[in-house]
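let me see the structure of the following:
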Amino acid sequence: METVWWKLTLALLMLAVSTLAKAPRSCHMEDFIQAVKQVEDEESGSGSEPAAVLRRLRRAAGLNDAFIQHFLPDAALSPDLDADLLGYVRTAVPHGLLGETQEQGVVLTPDGTTVALQPLLLGMEARLLSRTPGRPRGLYQLTLARDLGAALRPGSADAGRFGPDGCWDSLTSPRVFTLSGPASPFTTAQANGAMDGVVLGAEASGRPAGPLRLSSLLTQYYCRGLDARGLDGAPRLISRRRREIFRGMILPPALARQVWRATDLQERLAGRPRTQGGKKKQLMVVKEGLREFVHMFMDCPPIIPRCVWGAEPYRGTPTKLSLPLSFLFIHHTSTPSQPCLTLQQCSADMRSMQRFHQDDRGWDDIGYSFVAGSDGHIYEGRGWHWQGAHTLGHNAVGFGVSFIGDYNASLPTQHAMELVRERLASCAVGGGRLVSNFTLQGHRQVVNTACPGDALYREIQGWEHFGEVQK
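Numbering: from 1, shown residues only. As a prediction, the model looks like this:
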């Protein structure tokens, strides 16, 4: 009887393991990395090299149109994947829109941002296949330039050229990504994937000859944690740094030339005559349109939307701000008293603050306009357009930005302070949300409070735009 019981138990256990093994993968970067590892494990020798793995993934995803073939080898020569993996790749990699609101071919990364896989993979393959220093053939055309050309066509700006971001149905097992506004020709996820394709392609091709697994590179880039120093002590190559790394890799005039070349190539491949009007005139048009891209994805910091950190709805009717504003008020949270280093920790802190502000203080929402974590991100509070409850008597004239932590005796991370001092302020001015000669003040300058803490208040007195209270 005991033997029968053990056999039954073993059978049930094997069935459970088998069921778990066949559980469908989600749209999380960690699940995609596991799929990449499966491709690598199926091969040995040259078949597991990054370029070969990327080529197999491209074939499985059906990314083989004339524009791609102009730069990359015909993927039809690659061997097939098994049925389950093939089905996953065909669903997960090709980028596109489902109707007006849902975006496919994107994954959620551990740092909370959403990345399009198609430009990521194409960029890495293009760079690995072109080892000539400084001349990565097809890198920018395949990641950015073709899609940017579509976004900059006449009439494409009617509903906005760039963005929006969006929200996932689940942060633990994401499957459906819904845009937070009208679809544009070039979404935030596309921008993230394109920048990562450029950054990781350069990293992979620049490493010394030797064994390199694509899954390991992706894990190092997307899944690294942070220590107590936050991004101040983090490795250079980490997804939270994508914007700052990308800014150092290409200048806007060079990107404009790549867009023009991609548009011209598409016309030639389609058998149409070259665009009329002259290269110089067309470049001027592209450069003008690229200003919005540079502002949105190179000047502005990464901002985690409310839906990602788990915000509760606004209670009541929000008051719309009259932009641009004249002040930027600096706060610290005091409670939570410790810096947050991960998306999960920072999100929990945001939810805790929102509960306190709504339930204990009776406010309609979290009071701050934005909140800076030590994980490399700015968190959206009431945002750019809605009046906050951060600086009594001054909420209609300025944005309130708080650093998570108590900064009476210590300072936030240098990276977090730079995000606010340089990137968020520049983003606000460039987007017409703050006047160019805005005044930056600490909370204590206009309200009887110890905020933003003695150490942080001493620090911001040296920041550009700091201003004393007018008597």
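
only C-alpha atoms from now on, for both contacts and neighbour counts.
Fine.

in this structure, where is pLDDT below threshold?
1-23, 44-48, 76-79, 131-136, 154-159, 207-211, 273-281, 469-471 (pLDDT under 70).

ok, the spatially most central residue of the chain - contacts?
The centroid of the chain falls nearest to residue 113 when counting by C-alpha atoms, centre = their mean (4.1 Å). Residue 113 sits next to 189, 192, 304 when contact means C-alpha atoms under 8 Å, 6 or more residues apart in numbering.

and it, how far is that from residue 206?
Per C-alpha to C-alpha, to the nearest Å, residue 113 is found 26 Å from residue 206.

what does residue 224 give?
20 Å.

same deal with residue 60?
27 Å.

can you give me the strands for the stretch 151-300 of the chain?
166-168, 177-179 (DSSP state E, counting those that start in this stretch).

count of neighbours near residue 200?
Residues contacting residue 200 under the criterion other C-alpha atoms under 10 Å number 27.

so what's the residue count around the closest residue to residue 175 other than its chain neighbours?
Nearest non-adjacent residue to residue 175, counting by C-alpha to C-alpha, 6 or more residues apart in numbering: residue 27, 5.2 Å away. Neighbour count of residue 27, defined by other C-alpha under 10 Å: 28.

that's a strand at residue 459, yeah?
No - using DSSP: H, G, I helix; E, B strand; the rest coil, the secondary structure at residue 459 is helix, not a strand.

and it, how many neighbours does it have?
Applying other C-alpha under 10 Å, we find 12 residues neighbouring residue 459.

please tell me how far it sits from residue 324.
As judged by C-alpha to C-alpha, residue 459 and residue 324 stand 26 Å apart.

next: residue 451.
According to C-alpha to C-alpha, residue 451 and residue 324 sit 25 Å apart.

same check, this time on residue 340
31 Å.

with neighbour numbers in mind, choose between the two.
Shown here are residue 340 and residue 324; by other C-alpha under 10 Å, residue 340 has more neighbours (24 against 19).

correct me, but that one touches residue 373?
Yes - assessed by C-alpha atoms under 8 Å, residue 340 is found in contact with residue 373 at 5.8 Å.

any residues in contact with both of these two?
Common neighbours of residue 340 and residue 373 are listed as 346, 404 (criterion: C-alpha under 8 Å, 6+ apart).

work out for me the element residue 53 sits within.
Element membership of residue 53, judged by DSSP states H and E, is helix 50-61.

and the helix or strand that that helix is followed by, what does it pack against?
Sequence order places helix 66-71 as the next helix or strand after helix 50-61, per DSSP H and E. Counting contacts by 3 or more C-alpha pairs under 8 Å, 6 or more residues apart in numbering; DSSP states H and E, helix 66-71 packs against helix 252-269.

for the helix it packs on, buried residues please.
255, 256, 257, 258, 259, 260, 261, 262, 263, 264, 265, 266 (16 or more other C-alpha atoms under 10 Å).

list just the nearest of the residues you listed to residue 362.
Within those, proximity to residue 362 (C-alpha to C-alpha) peaks at residue 255, which comes in at 49.1 Å.

contacts only, for that closest one.
Counted by C-alpha under 8 Å, 6+ apart, residue 255 has contacts 140, 145.

who's in contact with residue 181?
By C-alpha under 8 Å, 6+ apart, residue 181 lies in contact with 101, 164, 165, 166.

got phi/psi on the second one?
In other words, residue 164. Main-chain dihedrals, residue 164, degrees, to the nearest 10: phi -90, psi -180.

against residue 24, how distant is it?
Distance of residue 164 to residue 24, computed by C-alpha to C-alpha: 28 Å.

more neighbours: which of these two?
Each of residue 164 and residue 24 has its neighbours counted (other C-alpha under 10 Å); residue 164 has more, 18 against 12.

and that one, how close does it get to residue 257?
When residue 164 is compared with residue 257 (using C-alpha to C-alpha), they lie 25 Å apart.

ok, now residue 178?
Distance from residue 178 to residue 257, by C-alpha to C-alpha: 33 Å.

before we move on, back to that, counting contacts, what elements does the helix holding residue 53 pack onto?
Where contact means 3+ C-alpha pairs under 8 Å, 6+ apart, helix 50-61 is packed against helix 29-42, helix 83-92, helix 117-128.

outside of the helix or strand just after the shortest one, which residues touch it?
Pointing back at helix 83-92 there. Counting by DSSP H and E, the next helix or strand C-terminal to helix 83-92 is strand 96-98. With C-alpha under 8 Å, 6+ apart as the test, strand 96-98 has contacts from 103, 104, 105.

kindly recompute the last result at 10 Å.
102-106, 116, 118, 177-179, 183-185, 190 (C-alpha atoms under 10 Å, 6 or more residues apart in numbering).

following it, which helix or strand comes up?
Using DSSP H and E, the helix or strand that directly follows strand 96-98 along the chain is strand 102-104.

now find how far off-centre that following strand is within its chain.
In terms of C-alpha atoms, centre = their mean, to the nearest Å, the centre of strand 102-104 is set 16 Å apart from its chain centre.

what helices or strands is that strand leaning on?
In terms of contacts (3 or more C-alpha pairs under 10 Å, 6 or more residues apart in numbering; DSSP states H and E), strand 102-104 is packed against strand 96-98, strand 166-168, strand 177-179.

any idea which of the ones you listed gets closest to residue 331?
Of all those, strand 166-168 comes closest under C-alpha to C-alpha, at 27.6 Å.

the closest one pairs with which strands, parallel or anti?
Counting by DSSP bridges, the strands paired with strand 166-168 are strand 177-179 (antiparallel).

need the contact partners of the partner strand.
Strand 177-179 is contacted from outside by 27, 97-98, 100-108, 114, 163-170, 187-188, using C-alpha under 10 Å, 6+ apart.

I figured residue 365 was touching residue 352, is that so?
No - in this structure, residue 365 is not within contact of residue 352 by C-alpha atoms under 10 Å, at 11.7 Å.

joint contacts of these two?
Residues touching both residue 365 and residue 352 (C-alpha under 10 Å, 6+ apart): residue 311.
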